[in-house]
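1. okay, here's the prediction I keep looking at, along with the sequence it came from:
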Amino acid sequence: SPRAFAAYGGTYTHNSRNRVYDGVYTAAHTILAHDVASARIRHNTVLDNAANGIAIEDVFVDGNAFIDSNTVRGRYYPVLGIGPDSLTGHVEVRHNGVTGDVATGLTGIGLGPFRTMMVDSNQVDSTGNIGIAAYPGDSAFVRGNQVGAASGTAAIYAQRGSALAEISGNTITCVDNGSTMGMVYHTGGGLIANNVVSVCWAGGFSANGLATSGVRFTLDVVGGATHLPALGYQTQSGGYNVNFSHDTVRGGAYTFGGLTALGNATYPTRAFIDSNFVGLGSGTGIKVGNVDTAVIARNTVDGLAATTTGTAAILVQSTTITGLERIQILGDTVRNNAVGVRVATGQGIAIDSSIITDNTVAGVATLAPLTIVRSSLLRNGVGFIDSSAAGGSVIDTSNIAGNVPYGVINLGSAALVADSDWWGDASGPAFIGCQSACLGDSVSANVSVAQIAGAVLATIPGAGSAPPPAFNAASMVTRSGSSLGARR
């Protein structure tokens with residue numbers, strides 16, 4: 001028959017009855033609710049016992065378990081919930097203070113499998129593997145937790161079966177050991193919002209294990225702030241509609257990209273990357289690859305030094321998957337980097353209404369023909385260089401000025417068409433045969449200048465002659481209204 005379990009207000013410290021003998025781990029627990037219809041474990045103090053702290057096992061179908069407002073510290077699993085394989089039961093872990101032991105390499109709060117898991121407003125410190133783990137399950141919600149001194153796999157790890165997951169409002173600080181991720185979320189769609197991640201090797205990582213032909217899962221990564229050395233947030237594997245929006249990623253050496261959306265040849269990804277800031281570090285800022293659609297809009301990428309050949313503020317590595325690729329770089333500000341925009345492969349690529357300025361090597365460097373319209377290429381090392389074999393790029397109605405040594409270089413076989421552009425001087429671009437009379441930016445051979453704008457195109461973004469002011473990341477605000485922070 002259904003049974004209920006309750007443990008309120010107890011103190012359990014330094015018990016050794018269930019300790020590990022001869023280094024062999026035994027699944028012993030200080031407080032255990034096993035095979036029950038309901039469990040409420042609240043306001044207990046569980047410290048330094050030679051066993052797991054608080055454990056839930058095999059909650060009945062449609063049963064409920066609540067672990068609330070406890071203080072748990074120990075060498076093994078402080079809080080552990082093990083459900084039946086049938087993904088039944090509901091468990092909530094709220095308002096607990098949990099301290100693990102880095103040396104044992106175990107998880108602070110570990111739950112699953114359950115139908116629904118909620119981990120809310122806990123303080124979790126010094127765990128040796130995962131701070132909070134919630135997987136597998138139909139629904140997992142990890143909200144408002146503080147995870148500190150995390151090491152091992154990840155501070156937060158969530159994986160669901162089929163319905164919904166949310167990781168939001170968490171504050172994460174890792175031990176800077178070169179491998180710990182802030183958040184790992186695998187399989188399917190969900191919401192990752194307003195999290196602040198500091199010092200970890202990666203802010204977050206997602207791989208879609210539920211990818212199926214013709215099915216896409218929507219994953220929203222919004223309003224977060226990260227300060228870390230190698231990777232901001234990356235989606236890898238296909239079948240996603242991924243949305244990066246209002247995120248701040250700064251201060252790292254982004255070998256794998258600040259914000260990265262990758263698909264695969266079987267299940268391409270659609271990426272929407274809107275109103276983010278990436279910068280004040282090195283490496284690649286925004287990266288897309290194996291996508292059939294990408295809209296990279298209203299982002300600021302500022303102050304990224306090159307770490308290796310092939311990095312860029314915005315990097316497109318899209319291969320031809322469906323033959324219907326469409327990649328738009330729309331209304332972005334890309335400045336003070338080594339290379340502004342780099343296109344390695346792809347088709348259907350357009351840069352529109354963007355400000356690409358003060359990049360030391362090149363504003364735009366491409367290995368695939370593309371179109372630039374209504375944009376400003378100012379004060380870069382080279383404004384635009386097309387190194388594709390085919391050539392045939394187009395630059396239309398744009399401001400191209402102050403780029404030294406060249407405004408435009410075309411190495412492709414087909415002519416590059418530059419129409420109705422401002423070249424920094426009313427006499428037009430300098431080219432072979434017109435170096436003395438033509439005082440604008442220089443162009444290489446095989447550049448066709450159809451018409452010349454007689455004055456700066458004042459309505460084009462970035463038309464002002466002065467360098468833009470430095471970006472103030474503190475001015476960016478999340479959707480919830482909280483300021484996005486830097487490394488603490």
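-> Good, I have the coordinates.
2. where does the stretch 1-150 of the chain have low pLDDT?
-> The model of the stretch 1-150 of the chain has pLDDT under 70 over residues 1-2, 16-27.
3. er, the stretch 351-488 of the chain actually
-> For the stretch 351-488 of the chain, applying pLDDT under 70 flags the ranges 433, 435, 464-488.
4. show me the contacts for the residue positioned nearest the centre of the chain.
-> For the chain, the residue nearest the mean C-alpha position is Y233 (1.9 Å; C-alpha atoms, centre = their mean). Under the criterion of C-beta atoms under 8 Å, 6 or more residues apart in numbering, the contact list for Y233 reads 183, 192, 202-206, 221, 224, 226, 244, 247, 249, 259-260. All C-beta spots, glycine's among them, are computed from the backbone N, C-alpha and C.
5. what's the helix or strand for it?
-> Using DSSP states H and E, Y233 maps to strand 231-236.
6. render the CA-only coordinates of that strand in PDB, please.
-> Extracted as PDB, the C-alpha positions of strand 231-236 are listed here (Å, rounded to 0.1, in the frame of the first residue of the first chain):
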ATOM      1  CA  LEU A 231      34.100  28.500 -25.200                       C
ATOM      2  CA  GLY A 232      31.000  30.600 -24.400                       C
ATOM      3  CA  TYR A 233      28.100  28.400 -25.500                       C
ATOM      4  CA  GLN A 234      28.100  25.700 -28.200                       C
ATOM      5  CA  THR A 235      25.400  23.600 -29.800                       C
ATOM      6  CA  GLN A 236      26.800  20.600 -31.500                       C
END
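7. for that strand, the distance to its chain's centre please.
-> Relative to its chain's centre, strand 231-236 lies at 4 Å (C-alpha atoms, centre = their mean, to the nearest Å).
8. quick check: mean pLDDT of that strand?
-> Taken as a whole, strand 231-236 has an average pLDDT of 86.
9. that one pairs with which strands, parallel or anti?
-> strand 202-207 (parallel), strand 259-262 (parallel) (DSSP bridges).
10. show me what whichever helix or strand comes after the longest one is packed against.
-> Beyond strand 202-207 in the direction of the C-terminus, DSSP H and E gives the next helix or strand as strand 217-222. Packed against strand 217-222, as judged by 3 or more C-beta pairs under 8 Å, 6 or more residues apart in numbering; DSSP states H and E, are the following elements: strand 190-193, strand 240-245.
11. can you add distance to E166 and mean neighbour count and give those strands back as CSV?
-> Shown next, in CSV, are these (distance: least, C-beta to C-beta, whole Å; neighbours: other C-beta atoms under 10 Å):
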stretch, distance to E166, mean neighbour count
strand 190-193, 5, 23
strand 240-245, 14, 24
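12. looking at those strands, spot the one closest to N410.
-> strand 240-245 (32.6 Å; C-beta to C-beta).
13. what does that closest one contact?
-> With C-beta under 8 Å, 6+ apart as the test, strand 240-245 has contacts from 189, 206, 208, 216-223, 233, 235, 259, 261, 263, 269-276.
14. just the buried ones from these?
-> Buried residues within these, counting neighbours by 16 or more other C-beta atoms under 10 Å: 189, 206, 208, 216-217, 219-223, 233, 235, 259, 261, 263, 269-276.
15. who's the residue nearest to T99 when sequence neighbours are not counted bridged to?
-> Excluding the flanking residues, the one nearest T99 by C-beta to C-beta, 6 or more residues apart in numbering is R73, at 4.1 Å. R73 forms beta bridges with L47, T99, as assigned by DSSP bridges.
16. so how far is stretch 267-287 from its chain's centroid?
-> 7 Å.
17. what about that stretch, how long is it end to end?
-> Start-to-end span of stretch 267-287 (C-alpha to C-alpha, to the nearest Å) is 18 Å.
18. now swap in stretch 54-64 and tell me
-> Stretch 54-64: ends 15 Å apart by C-alpha to C-alpha.
19. next: stretch 375-393.
-> Note: stretch 375-393 ends 15 Å apart using C-alpha to C-alpha.
20. now do the helices in the chain.
-> Using DSSP state H, the chain contains no helices.
21. next, the buried residues of stretch 33-43.
-> For stretch 33-43, a neighbour-count test (16+ other C-beta under 10 Å) marks 33, 36-39, 41-42 as buried.
22. name the residues that touch that stretch?
-> Counting by C-beta under 8 Å, 6+ apart, 2-9, 31, 54-60, 63-70 sit against stretch 33-43.
23. tell me which residues touch G81, please.
-> G81 neighbours (C-beta under 8 Å, 6+ apart): 55-57, 65, 67, 91, 93, 110-112, 114, 117.
24. try it again with 6 Å
-> Applying C-beta atoms under 6 Å, 6 or more residues apart in numbering to G81 gives the contacts 56, 91, 111.
25. now the second one. Nearest residue, chain neighbours left out?
-> Spatially, and ignoring its direct neighbours in sequence, V91 is nearest to A65 (4.5 Å; C-beta to C-beta, 6+ apart).
26. returning to what we had before: out of the buried residues of stretch 33-43, who's nearest H14?
-> Comparing the buried residues of stretch 33-43 against H14 with C-beta to C-beta places I41 closest, at 19.6 Å.
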